[in-house]
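1. coordinates only, sequence not included:
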Ligand SMILES: NC(=O)c1ccc[n+]([C@@H]2O[C@H](COP(=O)([O-])OP(=O)(O)OC[C@H]3O[C@@H](n4cnc5c(N)ncnc54)[C@H](O)[C@@H]3O)[C@@H](O)[C@H]2O)c1
């Protein structure tokens, strides 16, 4: 029988790899090792329905416990991997125990950036929003009338703001960049989301960073902002980005850039070690990128499963993302890296719109806001490589179907 596949990381990518291999009929022994105490679960609802209390944790699990036994997938939770011993083909746990592998897969994900203790990051009442534990702690703080400061105007910050308003909290969100969503979306999309949050009484302060958090008895009570103002707060949510978990790979001497470097077959610089998901840097249009998304974790892991099982099909990323805030659904198809032109298309229904991205006149991505038709059309165009007519896009009464003719 083929030797053991060890998967380090029990998140979306690690689970998808094991599930796909079994789906392909591959029966080699598999062990998934994860630092969290839970069976693998979906993270996106943690800042949406789970945080709102509208979804029980059981519904977040990818599979119930018996799936792992039924499929001969050993799962070791609450287990921290300390080192990869490539010479011995073993991983080394924190307690010194070792596990042999024939093939190793690193699906270690990413870690949220923390506020340094020098600015009050270690005070009580300062939360991240990454895993179930964070979401449970945050949910306990979300009571009507309380004042929350959200640091960071990315998806974490905006989704947390929407939940907090839903729960009746007073919300201030600060973004140190020129505008919210600067890393991930165009100005037009940011303008729409700023207006939506302002309509829901979120105070959004852009070009405003944190000077320091102030505490009493070790608990945060106020925040001094970069513009010299001070606001009183009951607790703080930090959503200031993530960094790839590439330490194990780096220390094992694998090639690491902005994440673990892999080829289109999810292979690292060691042919017996694969890597996938948030922790990797992968080939993209002649360069390399890191994609932080569910789509990438699943699709890359599934492509890697094909390779591990003996196939030859390379991973060709087809990025898509989504975000839910209030009653607004943002769906993104494509990846807007390096865009030099955008087109805002108002939707026919109130509150619907789409932002189309171009790079050197080539269509590369669309943000669809409450506009499923724009999303589906954009996705299809990207699949076929067709360039949409600007005239049709710019005419809100034109049927997008024409673009696919
Ligand atoms: N719906 C979704 O797709 C979704 C939802 C939640 C999280 N995520 C993912 O989770 C990861 C983390 O999200 P995120 O929102 O933390 O990251 P992000 O990098 O997208 O946004 C962080 C924001 O914080 C700002 N910032 C950084 N330091 C700051 C400071 N000291 N003061 C004020 N602002 C500061 C940055 O300028 C940036 O705009 C990302 O990969 C994100 O895409 C995705």
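-> The structure has been received and is ready for your questions. These numbers come from a predicted model, not from an experiment.
2. only C-alpha atoms for contact and neighbour calcs from this point on.
-> Will do.
3. give me the mean pLDDT for stretch 276-286.
-> The pLDDT scores in stretch 276-286 average 96.
4. can you report how many residues neighbour the residue in the stretch 1-150 of the chain that the ligand sits nearest to?
-> Closest to the ligand within the stretch 1-150 of the chain is residue 44: 6.1 Å, counting by Cα to the nearest ligand atom. Neighbour count of residue 44, defined by other Cα atoms under 10 Å: 18.
5. repeat that for residue 182.
-> Residue 182, neighbours per other Cα under 10 Å, totals 15.
6. what separates it from residue 175, distance-wise?
-> Between residue 182 and residue 175 the distance is 9 Å, computed by Cα to Cα, to the nearest Å.
7. try residue 246
-> 27 Å.
8. residue 354 contacts residue 372, correct?
-> No: assessed by Cα atoms under 8 Å, residue 354 is found out of contact with residue 372, at 9.5 Å.
9. the more surrounded of the two?
-> Per other Cα under 10 Å, whichever of residue 354 and residue 372 has more neighbours is residue 354, with 27 against 16.
10. for the more buried one, give its distance to residue 370.
-> For residue 354, the distance to residue 370 - Cα to Cα - is 8 Å.
11. also residue 71?
-> 40 Å.
12. try residue 50
-> Taking Cα to Cα, one finds residue 50 at 21 Å from residue 370.
13. show me what contacts residue 53?
-> residue 139 (Cα atoms under 8 Å, 6 or more residues apart in numbering).
14. what are the phi and psi values at the nearest residue to residue 14 once chain neighbours are set aside?
-> Spatial nearest neighbour of residue 14, excluding adjacent residues (Cα to Cα, 6 or more residues apart in numbering): residue 107 at 5.2 Å. Here is the backbone geometry of residue 107 (degrees, to the nearest 10): phi -130, psi 60.
15. right, and residue 107 touches residue 277 too?
-> Yes: counting by Cα under 8 Å, residue 277 is a contact partner of residue 107 at 6.1 Å.
16. do the helix or strand hosting residue 192 and the ligand meet at all?
-> For residue 192, the enclosing helix or strand under DSSP states H and E is helix 187-199. No: using Cα under 6 Å from any ligand atom, helix 187-199 stays clear of the ligand, with a minimum separation of 10.7 Å.
17. elements contacting that helix?
-> Here helix 187-199 touches strand 203-206, going by 3 or more Cα pairs under 8 Å, 6 or more residues apart in numbering; DSSP states H and E.
18. how many neighbours does the nearest residue to residue 42 once chain neighbours are set aside have?
-> Residue nearest to residue 42 in three dimensions, not counting chain neighbours: residue 60, with 5.3 Å by Cα to Cα, 6+ apart. Using other Cα under 10 Å, residue 60 has 19 other residues around it.
19. excluding sequence neighbours, find me the nearest residue to residue 13.
-> residue 297 (4.5 Å).
20. should've said residue 268
-> residue 262 (4.5 Å).
21. can you give me the neighbour number for the one you found?
-> Around residue 262 there are 24 residues (other Cα under 10 Å).
22. with residue 27 instead?
-> 16.
23. same thing with residue 158?
-> With other Cα under 10 Å as criterion, residue 158 counts 27.
24. swap in residue 136?
-> With other Cα under 10 Å as criterion, residue 136 counts 15.
25. pick out whichever of residue 71 and residue 370 has more residues nearby.
-> Ranked by neighbour count (other Cα under 10 Å), residue 71 and residue 370 place residue 370 first, with 21 against 15.
26. surely that one touches residue 328?
-> Yes: assessed by Cα under 8 Å, residue 370 is found in contact with residue 328 at 5.9 Å.
27. check contacts around the residue nearest to residue 42.
-> 41, 42, 43, 45 are the contacts of residue 60 under Cα under 8 Å, 6+ apart.
28. same deal with residue 319?
-> Residue 319 neighbours (Cα under 8 Å, 6+ apart): 295, 296, 333, 334, 335.
29. how about TSV for those, with secondary structure, neighbour count and distance to the ligand added?
-> Listed next are these as TSV, based on DSSP: H, G, I helix; E, B strand; the rest coil; neighbours: other Cα atoms under 10 Å; distance: Cα to the nearest ligand atom, whole Å:
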residue	secondary structure	neighbour count	distance to the ligand
295	helix	19	10
296	helix	24	11
333	strand	25	12
334	strand	22	13
335	coil	20	12
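30. look at residue 300 and give its secondary structure.
-> helix (DSSP: H, G, I helix; E, B strand; the rest coil).
31. flag every buried residue along stretch 259-275.
-> For stretch 259-275, a neighbour-count test (16 or more other Cα atoms under 10 Å) marks 259-269, 272-275 as buried.
32. same question for stretch 215-228.
-> So for stretch 215-228, counting by 16+ other Cα under 10 Å, buried means 215, 219, 220, 221, 222, 223, 224, 225.
33. closest one of the buried residues of stretch 259-275 to the ligand?
-> The closest of the buried residues of stretch 259-275, once distances to the ligand are taken by Cα to the nearest ligand atom, is residue 259, at 13.1 Å.
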